[in-house]
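Novice: Below: sequence and its predicted model.
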Amino acid sequence: MAKLKIYAKGFIANMTNYGLASDTITKHKRYLTKGVLPAIGDLEAKKIKLEDCSLVLVEARKQFPNTKTCEHRTMLTLRKFLEYVQNNHIRMRFEWQAVRVPKRLPHRAPDSFSLEEMKEICEACDLSNFYDLRMRFLIESIFRAGFRISELLSLNRFKDIDVEKEIFRIYDAKSGKEEWKTVPGIRPILKRMLAMRKDENPALLIGGKHYWETGALDKDGAQSHMRRFKKRFDGKVRHTLGFHKIRRTHCTFQLRNGIDI
């Protein structure tokens, strides 16, 4: 009989394939290895009972004393782990939704940039430079429409974008569902970026040492470019600049405007 712990590596790889942020994956890995697996990792997946999940809560309280937030997050990780096991490997005696999560304590508002900071970040891009132009496109697309970086990197410039209507065909990084999304105001930047392209690569975003090199931009390349770009803002903005932080900013403004996300 298979024990639950043998599915841990696949669970982490699955989160990576879904395009979750690296810090999110790191947190889930922490709660998985310190709370979930020590408590129930040696139990057989087909024989585990719902009441066995209480062992995870006990282990979380032992590993993270006096920290209610960690108890909450450990149980969330347990639910996600059991969801992965049930959807990809075997059926268990209970549904993962049956696992109850302790109430979360009030916490500080998520880090986000102000409109003034976002304007400063965008205006720092030199639009005569291909790499800054590409960075401006990424920043504005994420801020205006809330895309994940992996969703933008997968765009095909011939099939997935309508420049005049300012709409992109996105495949959701989590569900894989196709959806057309509007990115208001992105047309001038997009037109300028496409006008500099001299290659036939269908990828909307390309990388390489020079803009005429045709390799598609990957996630590592985008993050490397962001690390260099954000050095311009050391001490000038409240938070560390990053793609995920910009997406948080988009979500924060959506909530402030009463939009359910």
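Specialist: Yep, that arrived.
Novice: Just the CA coordinates for stretch 134-148, please, in CSV.
Specialist: Presented in CSV, the C-alpha positions along stretch 134-148 are these (Å, rounded to 0.1, in the frame of the first residue of the first chain):
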residue,chain,number,x,y,z
ARG,A,134,9.4,44.6,-22.8
MET,A,135,9.5,45.2,-19.1
ARG,A,136,7.0,48.1,-19.4
PHE,A,137,4.7,45.7,-21.3
LEU,A,138,4.9,43.1,-18.6
ILE,A,139,4.4,45.5,-15.8
GLU,A,140,1.4,47.3,-17.4
SER,A,141,-0.2,44.0,-18.5
ILE,A,142,0.0,42.5,-15.0
PHE,A,143,-1.1,45.8,-13.3
ARG,A,144,-4.0,46.4,-15.6
ALA,A,145,-5.3,42.9,-16.0
GLY,A,146,-3.8,40.8,-13.1
PHE,A,147,-2.1,38.2,-15.3
ARG,A,148,0.4,35.8,-13.9
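Novice: I'd like the average pLDDT over it.
Specialist: Stretch 134-148 carries an average pLDDT of 93.
Novice: hmm, who's touching that stretch?
Specialist: Residues outside stretch 134-148 that contact it (CB atoms under 8 Å, 6 or more residues apart in numbering): 19, 118, 121-122, 125, 127, 149, 152, 168, 170, 173, 181-186, 189-190, 193, 205, 217, 222, 225-226, 229, 243, 246-247, 249-251, 254, 261. Every C-beta, even on glycine, is put in place using the N, C-alpha and C of the backbone.
Novice: how far away is F158 from R187?
Specialist: Noted for F158: a distance of 17 Å to R187, by CB to CB, to the nearest Å.
Novice: These two: which has the busier surroundings?
Specialist: R187 (14 against 11; other CB atoms under 10 Å).
Novice: Give me the distance between the closest residue to the more buried one other than its chain neighbours and C125.
Specialist: In this structure, R187 finds its nearest non-sequential neighbour in E166, 5.3 Å apart by CB to CB, 6 or more residues apart in numbering. Taking CB to CB as the measure, E166 falls 19 Å from C125.
Novice: In terms of neighbours, single out the busier of the two.
Specialist: Shown here are E166 and C125; by other CB under 10 Å, C125 has more neighbours (21 against 17).
Novice: Just the strands from the stretch 51-200 of the chain, written as ranges.
Specialist: Using DSSP state E, counting those that start in this stretch, the strands found in the stretch 51-200 of the chain span residues 161-162, 167-171, 178-182.
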